[in-house]
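# 3D model of this:
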Amino acid sequence: MDRARMLGHYIAGTGATVRAAAQVFAVSKSTVHKEVTGRLEQCDPELAARVRKVLDTNRAQRHLRGGEATRKKYLDIKHCKTETDNI
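Here you go, the predicted model:
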């Protein structure tokens, strides 16, 4: 239960994604999700509700982050290509 609370406080406090929290705590995304949606609701329903808001917000913004990452990827590729053309 301690890990569930630590993850919950981290996500609620920082607005971190499940992936980011998993990296910080060195656990899998599945573990983070299980802890904050299952175990946390049993031991601290108030914190679980705050975490749920963050997770819902992150989920709503997921397509924007993916689009931005793709845009950046292709800008980087284009930038590398123009640098090699100038050599």
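
# helix, strand or coil for residue 51?
With DSSP: H, G, I helix; E, B strand; the rest coil as the basis, residue 51 sits in helix.

# how many other residues sit next to it?
Using other Cβ atoms under 10 Å, residue 51 has 25 neighbouring residues. In short, each C-beta sits where N, CA and C put it, glycine included.

# phi, psi of residue 27?
phi -130, psi 170 (degrees, to the nearest 10).

# I'd like to know how far it sits from residue 6.
11 Å (Cβ to Cβ, to the nearest Å).

# now residue 71
34 Å.

# out of those two, which sits in the more crowded spot?
For the pair residue 71 and residue 6, the greater number of neighbours falls to residue 6 (14 against 10), based on other Cβ under 10 Å.

# Which secondary structure element is home to the more buried one?
Applying DSSP states H and E as the criterion places residue 6 in helix 2-14.

# neighbouring contacts of that helix?
16, 18, 20-21, 24-25, 27, 32, 35-36, 39-40, 43-44, 47-48, 50-51, 54-55 (Cβ atoms under 8 Å, 6 or more residues apart in numbering).

# Using neighbour counts, pick out the buried residues of it.
4, 5, 7, 8, 10, 11, 12 (16 or more other Cβ atoms under 10 Å).

# Save these as JSON lines, and put in pLDDT and distance to residue 79 too.
Conversion of the buried residues of helix 2-14 to JSON lines gives the following (pLDDT from 0 to 100; distance: Cβ to Cβ, whole Å):
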{"residue": "4", "pLDDT": "93", "distance to residue 79": "43"}
{"residue": "5", "pLDDT": "94", "distance to residue 79": "44"}
{"residue": "7", "pLDDT": "95", "distance to residue 79": "37"}
{"residue": "8", "pLDDT": "95", "distance to residue 79": "40"}
{"residue": "10", "pLDDT": "96", "distance to residue 79": "35"}
{"residue": "11", "pLDDT": "95", "distance to residue 79": "34"}
{"residue": "12", "pLDDT": "94", "distance to residue 79": "38"}
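
# Alright, calling it a day.
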